[in-house]
Structures are given as structure tokens and as C-alpha cells.
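A.B. asks: Everything below, folded, please.
(2 chains)
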Protein chains: 2
Amino acid sequence: MKKLINQVDSIVDEMLNGMVDAYPNYVKRLAGLEVLVRANAPQPKVALVSGGGSGHEPAHGGYVGKGMLDGAVAGAVFTSPTPDQVYEAIKAVDGGKGVLLVIKNYTGDVMNFEMAADMAADDGIKVEKVVVADDVAVENSTWTTGRRGIAGTIFVHKIAGAAAEAGADLADVKRVAEKVIANVRSMGMAIDACTVPAAGKPSFELADDEIEIGIGIHGEPGTHREKISSVNEISDKLLAKIFAENIYNSGDEVAVMVNGMGGTPLMELLVANKHVKEVLASKNIKVAKTLVGNYMTSLDMAGFSITLLKLDDELKKLLNAPADTPAFVQF
Amino acid sequence: MKKLINQVDSIVDEMLNGMVDAYPNYVKRLAGLEVLVRANAPQPKVALVSGGGSGHEPAHGGYVGKGMLDGAVAGAVFTSPTPDQVYEAIKAVDGGKGVLLVIKNYTGDVMNFEMAADMAADDGIKVEKVVVADDVAVENSTWTTGRRGIAGTIFVHKIAGAAAEAGADLADVKRVAEKVIANVRSMGMAIDACTVPAAGKPSFELADDEIEIGIGIHGEPGTHREKISSVNEISDKLLAKIFAENIYNSGDEVAVMVNGMGGTPLMELLVANKHVKEVLASKNIKVAKTLVGNYMTSLDMAGFSITLLKLDDELKKLLNAPADTPAFVQF
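C.D. replies: Below you'll find the model as predicted:
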């Protein structure tokens, strides 16, 4: 295994400190915990907490800041954070107006975030949760009941975060988050698997002419393997599954994310984006905003996912609101 | 060769269109050319033009926008853009106050940008140039006389761009750019080579326990190979060469860039950054700003470079000035 690390056991700890070292104006680490919170004191607003296993950087610590998250909890690589860590995050960020937990749909994450919510509720903190399940590839997986939560989660952070920043109450921030979740779908593929440091070998093996369609973000295999084809053809396949949801129709306006899995050059993501835009134009779907880059990664996996979010006026306004975090800044 | 592309010959064209499709509020493409310029009309200020071979995304088109570049010229992958393309970029962005060319030190780039400058000067456009040569790894290389220009170039874009945005005249913007160049040094390494699409195979081969120290950003080999060690030890070696320049001393304030080469997970870059910060602290060097991510890449190469920039009050103020481009946004 070739990785730029020191010891397998210390990766998450060092990564979190490396993020605080890089962005001290944005984030601080709760002492003794794998939790990053906004560098300033809790805000007098609804707070957002997300998190999950590590290995998805910049998710989620990179999205802690103005207009997005207030806290991010990091588990071991591809492993849910424990309830006590999530509980400490909730307590640290609550400014009295309550906390919304943004959970990606994995069995461990859902269970541990729910336990933490119960613990915080016992303390009198108002806590609500939403579960993101945007991945259309599979209905259940190794690690989920129901669909997995993947890159579409970033749109929940951005839009619900903007609502909270604008002063919405907890019920309203949750309503907006649920609206994003109802309108966001994603699907991904890989040309090469990732290597979990503790495992020391790739999570699956692909032949030189093979790709894996429908991968998640934890090295789990996808729906099937096939011969590699052009990125246009691959994008068409991912988009076909997304369009089969019957959410995105002629005349609609959408946000697009072409998300790299960690080992994919930006050049290739931009080439994919060109075709995604063409396909949407051919369906008379207008693109109001596009994100291209590494937003929700899977260690060193080479591949990408496409996410579509149908917008209405409310979502569009919140999506375009300012944000200032280590990994996402917008005037 | 496994890549997310359509045809080798169309990659740059599709990539540029994919960038315009993603960021139409920031960039537009000059018709029939491999040139991106700011989406709005030429500004009444000194204009900055950079560029070089493609494969370094987001450099350089991703840095076109407010407070950085006005135009970026893209050659074929790892190949200098032709003089006529640079000439068209200069003409398109000149707002009457002159144009500064920011050139990375490669023989082809220097020659072609200089020819373009001469052509534009014949038209009566004021053109100046600076050449970035921040890579301390080698004194000459396959493609350069003198040191190579690598990731430190982004600091030139940012700081000279801020000076231009603030209304400095051409001589002053050039002076500031030269000051950055005098104070910025970088060095990189790879754990895996990149694959140039037209070549179809990796530009060099490394054994499973080998790394290459001192690589450039065009797949050219570095100074030597060695057994892989911890990222702390590797960082120490890169920093030792940078410190040997005798630029960075106790009491100084610096900006740091830990730059991914395209195929490196952000997690690993953050781990490296933690150690870089520790080493600087041990030398009583203060870090005023840190950038961690893929700023100047080499296709799918796995590896990273470290850049230090010594700051004075002027450089610090310009570094912290607002910027708004596809790949770099700062309030």
C-alpha cells in the first residue's frame, strides 16, 4: 500500500489537526474529540451538525463555517462516529435555537446520530434530524437499509445552512433540508477502487478495461462491472438512472454536481460536465448552478458521481446565498 | 490506459467548454481559440494573462476572475500554447492599462509568450512579463533552462492579481509579481506517475515501495528515487531543500501551500500540512495563510508539493484581498 501517511492509527487525528492548522479562522477542534466546530462561539441560530466516517474529505469538516455546518463529527475511515462524539458536537454548537443533524443514510450513522439526538434531548436541547438517501444505484447495500447518502448531501449542507444562517427556526430549516432531499439524486462509478489504510489493499479489483458502475463512497462494489467506454457514454448511463426517478422534467431548473471521488483529475470531471450540460439542454432542463470538483470523496478512488437537484425559487435563493467555509466559499 | 475521456484529441477542447459550462458567470471562451477570459468586458485595469500546457487544472482557467487572472491560455496536454493564442488573449483582455504575462519557466512557454508579447507590442499594447521559477528540485530539466515554475505560480496570480484589481499600474503590478517570485519556493514528490493521454502509459514506473523525489508537473522524473517513508519524513526532505535557500528565517511570516498533484486524497494533504506547520513552528516561522488542495496538478499523478512564500506587509495584504474565480474564492 502506497499512501502519504504516518501511521494507520493516527490518520484521522492528524487529518483533523491538519485541517485546523490550515483553517484556524474557520474551525477549531473539541479537545480530545474527533469533532470540528466553527472557530467562533455558537451562533444565535439553528445549528447544523453532520459527519460520518472519514475518507470523504473535504466532507464534512471542510464545510464547517458561515452558511453551512456548525459542527462535523469524524469517525474512523469509513466508520460511523460514536454517539458520544456526536452528542458532544451537538452540545458544543447549540446556541439555544436547536440543532439539525444531517445524516447520510448508512445504518451505523443513522443509529449513532439518533442515539446522540436522544442524549441531547435529555439535556433539553431541541434536536431534529434528516437522512439523505440520494444514491439511485441500489435500493439496499452492504451498509444500508434503503438508498445510500452520497454527494447530494453537500447540497443539504449548503441550502439548509443558508436557511439557518438567515434566521429560520428549527422546523423551517428541517423543512428546507427535506425539500432538498426530495429533489436531489446522484449516481457514481469508478475506474479504480480505493484502498482503506487499515486494509492495505484495494477494496475491489478491476481489470485494465473494466469499470464499476453504481459504486458508493465506502469502497463497496456497485451494481455491476462493464467494459470501459467513453465518459459521454458512462455519463449517459448514470443520468439515465437519475432521470428514471421522474423528478427532472422539461422546463425545470437544476443544480449540477460533477463530483470527483478523490483520485480523478479535474480535467476529466470538466470533460464529463460538458456532456452533462448537453444532455440537460437536450431535455430542456436549465442549469442554474454547477459544482465540479472533489466534494464528497472516497479516499483515492478514481471515478465520479453526477448529482442533480431540482430547484424552486426558495432552493435557488438559498443555494446562491453566501457561504464561507474551508472547502466552499461563495460571495 | 483508463481515463474518463472521449477522444484523446478533443480533451482540451472539451475541458475548456466544460469549464465555461460550469462557470459562465466567471469565464468565456474566445471563439475558435483555447483561451478563457473573464466573462465580462476587459476591465479598466492592468490585465494578467497566464497559461501553459493543459493537465494542470484548475490552473490556469480556474483562476480567471476578480482579483486574479484576466485570461488563461491552454496548450495541448503538457505542451506550450502557441504564440498566436497568447497574442489573442492579450488583445482580448487589454483594457488600455497594459498586460502582465505570468509565465512558468519552461523553455517553450517562455519562447511562445515572448513572441506573443512582441506581436502585441507591435499593436501598441503595453506588455510586461515575469517568469516563475520556484521549484528548488533541479537547476535545469528536460524542458527548462534554469529552475521550473510550479505551484508557487498560484501565489503570483493571487498577489499580482490583487494589486492589479486595486488599480496599480503595470510597472507596479510587475514589481509585486517579481517580489512574490523572489520569495516563493516549492518542491514536490510522487508516489505514482501520471499518464499523458496521447502516450497511453505512465510517464515513469515506480516499484510498490518506491517514490520519486523532486518531480515536476509534466511527468518528468525528479532528482532521484528512494524507498517510501512516512509523510513526515518525506515532508522533511522537501522542506530541507526549500530551507536551504536561506529565505525563510526565525521570526518570518509565510504563506504555505500543500498542493496535490491530481490523484492525491485531501486527507493525505491535510496530514502533510499538520507536519509542515509543526516544522515551521519549531523554526519560529509563523504561518499567516495556508492553502491545502489541488491547485497546480499533473493529471492523475499521486503526490504533492510544498510551497513557502515569505510575506511582508504588502504581500500579506494583497494575499488576503478578496478574490472570486472558479477555483479560488475568498471574502
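A.B. asks: ok, the residue of the stretch 51-200 of chain A found nearest chain B - contacts?
C.D. replies: Residue of the stretch 51-200 of chain A nearest chain B, by C-beta to the nearest C-beta: residue A:57 (4.0 Å). Every C-beta, even on glycine, is put in place using the N, C-alpha and C of the backbone. Neighbour list for residue A:57: A:15, A:297, B:265-267, B:270 [criterion: C-beta atoms under 8 Å, 6 or more residues apart in numbering or on different chains].
A.B. asks: Go again with 6 Å.
C.D. replies: Neighbouring residues of residue A:57 by C-beta atoms under 6 Å, 6 or more residues apart in numbering or on different chains: B:266-267.
A.B. asks: ok, now residue A:212?
C.D. replies: Per C-beta under 6 Å, 6+ apart, neighbours of residue A:212: A:190, A:222, A:225.
A.B. asks: what pairs with the first one across the strands?
C.D. replies: This points to residue A:190. Beta-bridge partners recorded for residue A:190 (DSSP bridges): residue A:212, residue A:303.
A.B. asks: That one is in contact with residue A:299, isn't it?
C.D. replies: No: applying C-beta atoms under 6 Å, one finds residue A:190 not in contact with residue A:299, separated by 11.2 Å.
A.B. asks: Filter the contacts of residue A:212 down to the buried ones and hand me the PyMOL line.
C.D. replies: A single PyMOL command selects the buried members of those (16 or more other C-beta atoms under 10 Å in any protein chain shown):
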select buried, chain A and resi 190+222
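A.B. asks: Which single residue of the stretch 1-150 of chain A approaches chain B most closely?
C.D. replies: residue A:18 (3.5 Å).
A.B. asks: Who are the contact partners of that residue?
C.D. replies: B:270-271, B:273-274.
A.B. asks: CSV for those, including pLDDT and distance to chain A?
C.D. replies: What follows is the contacts of residue A:18, written out as CSV (pLDDT from 0 to 100; distance: C-beta to the nearest C-beta, whole Å):
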residue, pLDDT, distance to chain A
B:270, 98, 4
B:271, 98, 4
B:273, 98, 4
B:274, 98, 4
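A.B. asks: what's the closest of these to residue A:241?
C.D. replies: Top of the list for closeness to residue A:241, among those and by C-beta to C-beta, is residue B:270 at 33.0 Å.
A.B. asks: mind checking the SS state of the closest one?
C.D. replies: Secondary structure, DSSP: H, G, I helix; E, B strand; the rest coil: residue B:270 is helix.
A.B. asks: wait, what's in contact with it?
C.D. replies: A:15, A:18-19, B:292.
A.B. asks: Among those residues, name the ones in helices.
C.D. replies: A:15, A:18-19 (DSSP state H).
A.B. asks: coming back round to it: neighbour-wise, give me the winner out of the contacts of residue B:270.
C.D. replies: residue A:19 (31 neighbours; other C-beta atoms under 10 Å in any protein chain shown).
A.B. asks: That residue contacts residue A:63, correct?
C.D. replies: No: using C-beta under 6 Å, residue A:19 is not in contact with residue A:63, being 11.2 Å away.
A.B. asks: what touches both of these two?
C.D. replies: Counting by C-beta under 6 Å, 6+ apart, residue A:19 and residue A:63 have no shared contacts at all.
A.B. asks: on that earlier part again, and the least confident of the contacts of residue A:212?
C.D. replies: pLDDT across these is lowest for residue A:222, at 87.
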